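Asker: any chance you can model this:
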Amino acid sequence: MTTTSPRVPRSADPDESTDPAGPSLPLSALERGGHAAGTTAEQAVRDVVDTARTAEAHGYRRFWVAEHHAVRTGVSSSPAVLIAHIAARTERIRVGSGGVMLPNHPPYTVAEQFATLQTLHPGRVDLGIGRPSGGSTEAHRLLEAALRRAPGAGTGFPAQIDELLGVLFGRGPDRNRYHSLPLTPRPATPPEVHVLGAGTTSARLAGERGLPFVYGHHLSRAVCRPEAVEGYRSAFRPDPDHPGQDGTRPHLAVSVHVVCAETDELAESLALRTAAHVAARSGDAAPLGPSSPAREEHLARRTLDEYQVVHGAPAKVAAELAALAARFAADELMIAPFELTGQARARTLRLTARVRVAPPAHRAAARR
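Answerer: Below you'll find the model as predicted:
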């Protein structure tokens, strides 16, 4: 997150470019870990690594992997293990979680895992944390039981964040009830901690603790609350007691679904193909009558709108990302390729890397 601390080595940052066209807002990448049906898990993991290498080669600041459980076409059920694999096969890019769903795990265990990652890869590890969406279905209840997660554990999210921060930053008894337990290994600089969310509660928690916030614009409109962004800034309380990162001012990243191709027409076709797949898996495609190409296209376009997917050739994507960054006064954009294959995700990251998004006014002023 920080661009000022000399203690944290990091990859080349597009925001600090000397390009005569001026600075560009940093781009990062979010890998959701899904793959097309028929792809083996082994190939899917290789695809994730290849996508990470593409992101590194094209100047992305971070590469994060999501946490998803019991998804048949997913490979990111254990973010810490996957991050270790990715970090060992890249050189400079920051790697991390987007994010660890904290109520699924003991905070002390998460602190140990990410302290170990930071020790293995000093100055390159981000710990993005979030809260899983609630659910009352039998599948949700079964998953909670499998994870040994108590029903309603999400309501303890604020205390879980404080426990995690207390362990990672070695805080005393006033801020960490486990202060007598040493964290091992303890890296020279802890991993950067970010809070992820699409609602006002997560935004407020991030602001009150002086942490960076990642607004999940890539999630469905049904859960996104744009007012959370202003709530984050209003709630922000500086906390410089975060070694290795700048806790003195708000830092907002906005995640967004993107499909970028050589032409607008090709990008739309590819985006519709993925959207049709998403709609079919969600059950929205259950026909009220005989299915038809027109109905399938209608459902796909509705899905693109629901997940706010930016799609087009680089010029169109640049314009839409610039509008999004200006709307939220973002400090960083996190690109989530809306693609089914590793090759396609790499293409979207490669072409989107050509995009230059001017920093918002407050960020440009801070650099003068």
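
Asker: now do the contacts for the spatially most central residue of the chain.
Answerer: Residue closest to the mean C-alpha point of the chain, counted by CA atoms, centre = their mean, is G98 at 3.7 Å. With contact taken as CB atoms under 8 Å, 6 or more residues apart in numbering, G98 is in contact with 30-31, 64-66, 128, 196, 214, 255, 334. For glycine as for every other residue, the C-beta is placed from the backbone atoms N, C-alpha and C.

Asker: try 10 Å
Answerer: Residues near G98 by CB atoms under 10 Å, 6 or more residues apart in numbering: 28-33, 62-67, 76, 79, 126, 128-130, 194, 196, 214, 216, 253, 255, 334, 336.

Asker: now, these that are in strands?
Answerer: 28-31, 62-65, 126, 128-130, 194, 196, 214, 253, 255, 334, 336 (DSSP state E).

Asker: quick one: mean pLDDT over whatever helix or strand A279 lives in.
Answerer: Secondary structure assigned from DSSP states H and E places A279 in helix 264-282. In this model, helix 264-282 has a mean pLDDT of 93.

Asker: and stretch 103-123, by the same measure?
Answerer: Averaging pLDDT along stretch 103-123 yields 96.

Asker: where do the strands sit along the stretch 251-368 of the chain?
Answerer: Ranges of strands within the stretch 251-368 of the chain are 252-260, 310-312, 332-337, based on DSSP state E, counting those that start in this stretch.

Asker: note down every partner strand of the longest one and its orientation.
Answerer: Each strand paired with strand 252-260, and its direction, by DSSP bridges: strand 213-215 (parallel), strand 310-312 (parallel), strand 332-337 (parallel).

Asker: what stretches of the chain score poorly on pLDDT?
Answerer: Within the chain, the segments meeting pLDDT under 70 span 1-22, 134-136, 149-155, 175, 283-290, 361-368.

Asker: hmm, 90 instead?
Answerer: Within the chain, the segments meeting pLDDT under 90 span 1-24, 32-39, 68-76, 132-156, 170-180, 239-248, 277, 280-293, 356, 358-368.

Asker: returning to that earlier point: tell me the angle the helix holding A279 makes with strand 332-337.
Answerer: For helix 264-282 against strand 332-337, the angle by axes from the mean of the first three to the mean of the last three CA atoms, to 10 degrees is 70 degrees.

Asker: rewinding a little: looking at the strands paired with strand 252-260, which is buried most?
Answerer: Highest mean neighbour count among the strands paired with strand 252-260 (mean count of other CB atoms under 10 Å): strand 213-215, with a mean of 29.

Asker: just the element for E163, please.
Answerer: Using DSSP H and E, E163 maps to helix 157-168.

Asker: return that helix as CSV; C-alpha atoms alone will do.
Answerer: Below are the C-alpha coordinates for helix 157-168, written out as CSV (Å, rounded to 0.1, in the frame of the first residue of the first chain):
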residue,chain,number,x,y,z
PHE,A,157,-15.3,-9.7,13.0
PRO,A,158,-14.2,-6.5,14.8
ALA,A,159,-12.7,-8.4,17.7
GLN,A,160,-11.1,-10.8,15.3
ILE,A,161,-9.4,-7.9,13.4
ASP,A,162,-8.1,-6.5,16.7
GLU,A,163,-6.8,-9.9,17.8
LEU,A,164,-5.0,-10.3,14.5
LEU,A,165,-3.5,-6.8,14.6
GLY,A,166,-2.4,-7.3,18.2
VAL,A,167,-0.5,-10.5,17.4
LEU,A,168,1.1,-9.2,14.1
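
Asker: tell me the angle of it relative to strand 125-130?
Answerer: 160 degrees.

Asker: what is helix 157-168 packed up against?
Answerer: Other elements packing on helix 157-168 under the criterion 3 or more CB pairs under 10 Å, 6 or more residues apart in numbering; DSSP states H and E are helix 107-120, strand 125-130, strand 192-197, helix 200-208.

Asker: and those as CSV, adding mean neighbour count and distance to R225?
Answerer: Putting the helices and strands packed on helix 157-168 into CSV (neighbours: other CB atoms under 10 Å; distance: least, CB to CB, whole Å) gives the following:
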stretch, mean neighbour count, distance to R225
helix 107-120, 20, 25
strand 125-130, 27, 14
strand 192-197, 26, 9
helix 200-208, 21, 6
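
Asker: so for A267, which of the ones you listed sits nearest?
Answerer: Of all the helices and strands packed on helix 157-168, strand 192-197 sits nearest to A267, with 26.5 Å by CB to CB.

Asker: what about the closest residue to P212 other than its chain neighbours, distance to R204?
Answerer: For P212, ignoring the flanking residues on the chain, the nearest one in space by CB to CB, 6 or more residues apart in numbering is H251 at 4.0 Å. Computed as CB to CB, to the nearest Å, the H251 to R204 distance reads 15 Å.

Asker: just to revisit the earlier point, can I get the strands paired with strand 252-260 in JSON lines including distance to P106?
Answerer: Below are those laid out as JSON lines (distance: least, CB to CB, whole Å):
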{"stretch": "strand 213-215", "distance to P106": "23"}
{"stretch": "strand 310-312", "distance to P106": "37"}
{"stretch": "strand 332-337", "distance to P106": "27"}
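
Asker: nearest to R301 among the ones you listed would be which one?
Answerer: Proximity to R301 (CB to CB) singles out strand 310-312 among the strands paired with strand 252-260, at 11.1 Å.

Asker: how far off centre is that closest one?
Answerer: Mean-position distance between strand 310-312 and its chain equals 19 Å (CA atoms, centre = their mean, to the nearest Å).
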